[in-house]
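[1] fold the following.
(chains A, B, C and D)
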There are 4 protein chains.
Amino acid sequence: MIILLKHEAAQSDADEILEQIASLELKPLYMPGIERTVIGAIGDERKIAQLHLENHPMVESVTPILSPYKLVSRELYPKDTVVNIGNIPVGGGNFTVIAGPCAIESGEQLYKTAKIVKEYGGHCLRGGAFKPRTSPYSFQGLGLEGLKILHNTSEKLKIPTVTEVIEVQDVKDVEKYASAFQVGARNMQNFRLLKALGQSRKPVVLKRGISATVNELLLAAEYIVAEGNPNVILCERGIRTYETATRNTLDLNAIPYIKEHCHLPVIVDPSHGTGVRSFVEPMSKAAVACGADGIMVEVHNNPKVALSDGQQTLFPEQFKQLMVNLKPFIEAAGKKMP
Amino acid sequence: MIILLKHEAAQSDADEILEQIASLELKPLYMPGIERTVIGAIGDERKIAQLHLENHPMVESVTPILSPYKLVSRELYPKDTVVNIGNIPVGGGNFTVIAGPCAIESGEQLYKTAKIVKEYGGHCLRGGAFKPRTSPYSFQGLGLEGLKILHNTSEKLKIPTVTEVIEVQDVKDVEKYASAFQVGARNMQNFRLLKALGQSRKPVVLKRGISATVNELLLAAEYIVAEGNPNVILCERGIRTYETATRNTLDLNAIPYIKEHCHLPVIVDPSHGTGVRSFVEPMSKAAVACGADGIMVEVHNNPKVALSDGQQTLFPEQFKQLMVNLKPFIEAAGKKMP
Amino acid sequence: MIILLKHEAAQSDADEILEQIASLELKPLYMPGIERTVIGAIGDERKIAQLHLENHPMVESVTPILSPYKLVSRELYPKDTVVNIGNIPVGGGNFTVIAGPCAIESGEQLYKTAKIVKEYGGHCLRGGAFKPRTSPYSFQGLGLEGLKILHNTSEKLKIPTVTEVIEVQDVKDVEKYASAFQVGARNMQNFRLLKALGQSRKPVVLKRGISATVNELLLAAEYIVAEGNPNVILCERGIRTYETATRNTLDLNAIPYIKEHCHLPVIVDPSHGTGVRSFVEPMSKAAVACGADGIMVEVHNNPKVALSDGQQTLFPEQFKQLMVNLKPFIEAAGKKMP
Amino acid sequence: MIILLKHEAAQSDADEILEQIASLELKPLYMPGIERTVIGAIGDERKIAQLHLENHPMVESVTPILSPYKLVSRELYPKDTVVNIGNIPVGGGNFTVIAGPCAIESGEQLYKTAKIVKEYGGHCLRGGAFKPRTSPYSFQGLGLEGLKILHNTSEKLKIPTVTEVIEVQDVKDVEKYASAFQVGARNMQNFRLLKALGQSRKPVVLKRGISATVNELLLAAEYIVAEGNPNVILCERGIRTYETATRNTLDLNAIPYIKEHCHLPVIVDPSHGTGVRSFVEPMSKAAVACGADGIMVEVHNNPKVALSDGQQTLFPEQFKQLMVNLKPFIEAAGKKMP
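    Purely as a prediction, here's the structure:
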């Protein structure tokens, strides 16, 4: 921990802080400068954090040295983690495709779409039963009925499933009916939900919040892992910036950053990341190329009538093309479809 | 609704869309141009939204004409709404000061701080029992025990209270022990929580999400009001931008914007909005000046040992000064303390 | 300077860096930790910057301790600087109003507008002769002819003037015809222009770039002052964020931040900062309240026909109201009109 | 053009605007609604723009239908443009690699680096003689001497060159000594510079401003093309967002967006786009995959001593690896090295 004192700090302020650090049996370091005094504290930073030195009126800033996450960090666990959704591996040399409609609208719609996903080579089925929507006047999902449709479709077509959970009270139901949880962007910092999912052993696809930093995403993953569930798959899905030409700005820089700092698998959602149907294929290829372990894309048997996010949803024929056109890039990346 | 077709759209695409609009008994308008065709639809836009015309492959964009919120809109309800927290009015010519610690740490800490708030002229006491924290290793709040401390302090000192609720299952407890709910920035789009609060009649202080647009804030308020609770107080608390000199960027433009478009009271949180103790007073004055109905600030009997957000928390003496120094600005704004 | 080594750095990397620091006759500090090694360097940070330690493959990050600007810093010059535009002071207890049209369109337009500015109590006249416009098909300004009109109007009405300079080759002309230079947001980091203005002694109103941090603004001011011109007035005019309800997000947090770190006067441009006519008055009041030394606003004798930025330009009657309504806030702030 | 009137607009306001539209011999369309009136104007939107209807106090918003650029638009010129830098094509099925140091530091440094670029398969040499730097105390480039070194190196090694021009007065010198101009991010909206470059016939690599929208980038290109120079190469180099884990956020969404709307070639700068040496290779691959026509990367014979941007500059061995590892992705994309 590096503590920078204010210009006007007195010697007594420095002494007070040095003493506090020593009281925790940490090693204090005193660096008086001409214009400012800097104090270092060597040892377990979580201990030092308890001192809340940033509250001191003569402290200008407190800069931690170590990353604030531990369990998800590659420094501690250098090897890539592989997470299985049903029988489908994510990570470890695989490039996994999770596809399906934004929302589950009916048994027929989901079945038809799932058949398309399976036929053209998709590995997992996605589909939302609970839809958090910006407007109270938009379609809010089928709820429990939707979960049952999902389960049914999964059984019939032998395809594992991913679906969003938006509240602690639904965790049990989703765990029962789906192969994996999805935590949506709006819930990335719903810490109680993260803790509840940490109690499960089913995999969690954790989407980055639209204004979350990559480090906040890793801290959110740390919540889940710290509770005992190591099966977390990170998902970059675009962030909110000033650019309005696309719905979000897909931050692919996050992929090599995560790969360098974290051992968990990471996938990309180019549907939400762009908001534009025709950009899904080029950004899926880019995801492969920069090192992602898979993609999650929206496809619908008839996007013209989709009840949500239709403009970013692939037509069946487009999904087919995507799967064909991704292949050479997956090979170039030295990966394979699971 | 204005529907812009793609350059390559055929006459049959236009016809199809015009027919769909007419089928809902809305008035379609056909505007063929040299380079692009534009279609208008006049009537209830929520009806047209059901058509999901944005999904059509030949539609470039769909632009709504009307604001997506109704009940919170000033067009429908031109007069200012006044919301009461306990016996304290917010809105309607009052400038209300809600103050207290970020987190409730103990009975003693809250009582001492509440006395300071009351003595120097604050109107309501704030303090969190449930603390959503970015890191799993930070202090997470006292929970139910904290709520009871809050209630106790409120009774003893006759001061109404505001406290954060972070999940549906806690709504009943918070309703029982506090005068008003606070919805934190991370939960602004927790739609189930909003709906649950819509069932209550206690006031809701709804904080803007750190990456929420003002219109998304108004839509979130619409969720609560649409469920039957008209007692919503909006709160600007800073947004996330590229600027790192301050913790957040306080968006005071939002105040005149909200005042023009919405009839609900709106307050400002300069503590989170700046993250810096010494900026709280100037930004509180700015809040008065641009038309806000109050402020919510962090004060602690001993900020040096505060368990969260200490660096933005006022010392008792600073809070006293703030209350004195705000007065001439409140007068200049033609308002009064309640 | 705090140098954080990578996890995998060897002892020899630390030694190499410690030696380099010592070679500059600076004091190196060695802080080996369990997970990472930290190295401190005490002394003139500009010297250390020459080592470019951030380039070293085993260096994770280099964090400077001191602010990168010197001459504009309040640490070195604790007293407020007052800058005079013609005979009008900016700073030091004054609240100065600079007003006029976005662009000079004709002698008649400028004269009529300037009379309004003067009559209702404005202190300086603004108006652009060179207009950098996003589209090549928009009005680009009258150029030299505009400067002459400005000069003429200034002479007739005895009002000092501010006008934008967009290129080094125009510095002499603007210096001849106007009382003060304005550097627009797009040119805040046009370093040659800043240096050329540093050669003049006429005041420079330096607008913050739409994506510039406050510290970058202070560094841009440092360029001018370092060349010998101490007469710099900073101007907050809104930054680009994800919010689209207003044209820009006016960052008033910047005012107390600048006041704390810098001795130069700082004004606010609520016209560009909001882009909305009706928000200019509330945000002007907020500017007074949070400590700004003045405002720069757009007013036009007939905004309906203004050739640029008309939607944010005040009608004469609105400017009159603004000047009346600002008064109690200026008094509350303990300031006076010059 | 779609003109939305305010709620409180009177019939006479609508009539006034309809008349103004008709006066330009455009076709006005009147769409009275229950809550708001909408007016359409069909015909050349540049004509309508002259009316400045957005200035009208009863106009809420004016939404153009057509894109504001013409000459760079794919609607008008559907075929891909190929631009040649010296004898090297950019666009049209080629994937072109422009590489070199951030700044030209000496003849020896540039020659050594250029040899590395050439030997490992790079096509063009980059290197800056004029360096716009945030701090007045940083290295500012060798100026004209740097241009001569660049020219010299180009002649000796038969490699075309790209170098930044930062002011109109340098255009002639850069044209004389380099094969192509580069316009840096800070100058993307230096409109005089764009116009001056429009007078040349040498290619212009136009970098996106760090807070410029893609449409603003296309409008900047329009400035150059409108003056007569069709040889523009667009360059995505990262935008400024709230994310600080990487220096900038590389916006690869911009590539498919530009490809859909514009016929000019577009390249990616992963060095500035990430600011991190080890992320250059994965993001270069992503650039290929999403459809870019090339990359511009920083490489230095000895990055440890580079005078600027060293931490994002490749070591010679890393550049060699990059060129080898890019090949399968270029093949997968159906492209070839020129």
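
[2] mind showing which ranges of the stretch 1-150 of chain A have poor pLDDT?
    Per-residue confidence of the stretch 1-150 of chain A (counting by pLDDT under 70) places the weak regions at A:34.

[3] please enumerate the strands of it.
    Under the criterion DSSP state E, counting those that start in this stretch, the stretch 1-150 of chain A carries strands at the ranges A:2-5, A:27-32, A:37-42, A:59-63, A:83-85, A:88-90, A:96-100, A:124-126.

[4] alpha carbons of the longest helix anywhere in chain A, as CSV, please.
    Ranked by residue count, the top helix of chain A under DSSP state H comes out as helix A:316-332. Backbone C-alpha positions of helix A:316-332 (Å, rounded to 0.1, in the frame of the first residue of the first chain) are rendered in CSV as follows:
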residue,chain,number,x,y,z
PRO,A,316,-31.7,-19.1,-39.0
GLU,A,317,-29.8,-18.8,-42.2
GLN,A,318,-27.4,-16.2,-40.7
PHE,A,319,-26.7,-18.5,-37.8
LYS,A,320,-25.9,-21.3,-40.2
GLN,A,321,-23.5,-19.0,-42.1
LEU,A,322,-21.9,-17.9,-38.9
MET,A,323,-21.1,-21.4,-37.8
VAL,A,324,-19.6,-22.2,-41.2
ASN,A,325,-17.6,-19.0,-41.4
LEU,A,326,-16.2,-19.2,-37.9
LYS,A,327,-14.4,-22.5,-38.5
PRO,A,328,-11.3,-21.3,-40.3
PHE,A,329,-10.8,-18.7,-37.5
ILE,A,330,-11.2,-21.3,-34.8
GLU,A,331,-8.5,-23.4,-36.6
ALA,A,332,-6.3,-20.4,-37.0
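
[5] name the helices or strands packed onto it?
    Helix A:316-332 makes packing contacts with strand A:96-100, helix A:107-119, helix A:280-289, helix D:316-332 when contacts are defined by 3 or more Cβ pairs under 8 Å, 6 or more residues apart in numbering or on different chains; DSSP states H and E. For every residue, glycine as well, the C-beta is placed using N, CA and C.

[6] find the closest residue to chain B in the stretch 101-250 of chain A.
    Nearest residue of the stretch 101-250 of chain A to chain B (Cβ to the nearest Cβ) works out as residue A:211 at 3.1 Å.

[7] so that residue sits in a helix?
    No. With DSSP: H, G, I helix; E, B strand; the rest coil as the criterion, residue A:211 is assigned coil and is not in a helix.

[8] what about it, neighbour count?
    Residue A:211 has 23 neighbours, counted by other Cβ atoms under 10 Å in any protein chain shown.

[9] can you check the one 3 residues further on too?
    When counting by other Cβ under 10 Å, one arrives at 24 neighbours for residue A:214.

[10] give me the contact list for stretch A:104-118.
    The contact list for stretch A:104-118 (Cβ atoms under 8 Å, 6 or more residues apart in numbering or on different chains) reads A:99-101, A:125, A:127-129, A:141-142, A:146, A:149-150, A:152-154, A:156-157, A:159, A:163, A:299-302, A:306-307, A:316, A:319-320.

[11] may I see the buried residues of that stretch?
    Of the residues in stretch A:104-118, those buried under the neighbour-count criterion (16 or more other Cβ atoms under 10 Å in any protein chain shown) are A:104, A:105, A:107, A:109, A:110, A:111, A:112, A:113, A:114, A:115, A:116, A:117.

[12] please give me every residue in contact with residue A:49.
    So, once contact is read as Cβ under 8 Å, 6+ apart, residue A:49 ends up touching A:1, A:64, B:137, B:138.

[13] list just the nearest of these to residue A:250.
    Top of the list for closeness to residue A:250, among the contacts of residue A:49 and by Cβ to Cβ, is residue A:64 at 29.0 Å.

[14] surely that closest one is in contact with residue A:45?
    Yes. Contact status for residue A:64 versus residue A:45: in contact at 5.4 Å, counting by Cβ atoms under 8 Å.

[15] returning to that earlier point: a markdown table for the strands of the stretch 1-150 of chain A, including mean neighbour count?
    Supplementary listing: these in a markdown table, determined by neighbours: other Cβ atoms under 10 Å in any protein chain shown:
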| stretch | mean neighbour count |
| --- | --- |
| strand A:2-5 | 22 |
| strand A:27-32 | 17 |
| strand A:37-42 | 23 |
| strand A:59-63 | 17 |
| strand A:83-85 | 21 |
| strand A:88-90 | 22 |
| strand A:96-100 | 27 |
| strand A:124-126 | 28 |
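
[16] in JSON lines, list these along with distance to residue B:68.
    Compiled in JSON lines, those are given as follows (distance: least, Cβ to Cβ, whole Å):
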{"stretch": "strand A:2-5", "distance to residue B:68": "46"}
{"stretch": "strand A:27-32", "distance to residue B:68": "55"}
{"stretch": "strand A:37-42", "distance to residue B:68": "51"}
{"stretch": "strand A:59-63", "distance to residue B:68": "41"}
{"stretch": "strand A:83-85", "distance to residue B:68": "36"}
{"stretch": "strand A:88-90", "distance to residue B:68": "37"}
{"stretch": "strand A:96-100", "distance to residue B:68": "27"}
{"stretch": "strand A:124-126", "distance to residue B:68": "27"}
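
[17] any shared contact partners between residue A:64 and residue A:45?
    Counting by Cβ under 8 Å, 6+ apart, the shared contacts of residue A:64 and residue A:45 are residue A:1.

[18] looking at these two, which is more packed in?
    Summary of the neighbour comparison: residue A:64 and residue A:45, criterion other Cβ under 10 Å, with residue A:45 having more neighbours (18 against 13).

[19] what sits against the residue of the stretch 101-250 of chain A closest to chain B?
    When contacts are counted by Cβ under 8 Å, 6+ apart, residue A:211 is found next to A:239, A:240, B:209, B:210, B:211, B:240, D:242.

[20] name the nearest residue to it, ignoring sequence neighbours.
    Nearest-residue entry for residue A:211: residue B:211, 3.1 Å, with adjacent residues in sequence omitted and distances by Cβ to Cβ, 6 or more residues apart in numbering or on different chains.

[21] same check on residue A:7?
    Closest to residue A:7 by Cβ to Cβ, 6+ apart is residue C:75, at 5.2 Å.

[22] so the one you found versus residue D:45, what's the distance?
    53 Å (Cβ to Cβ, to the nearest Å).
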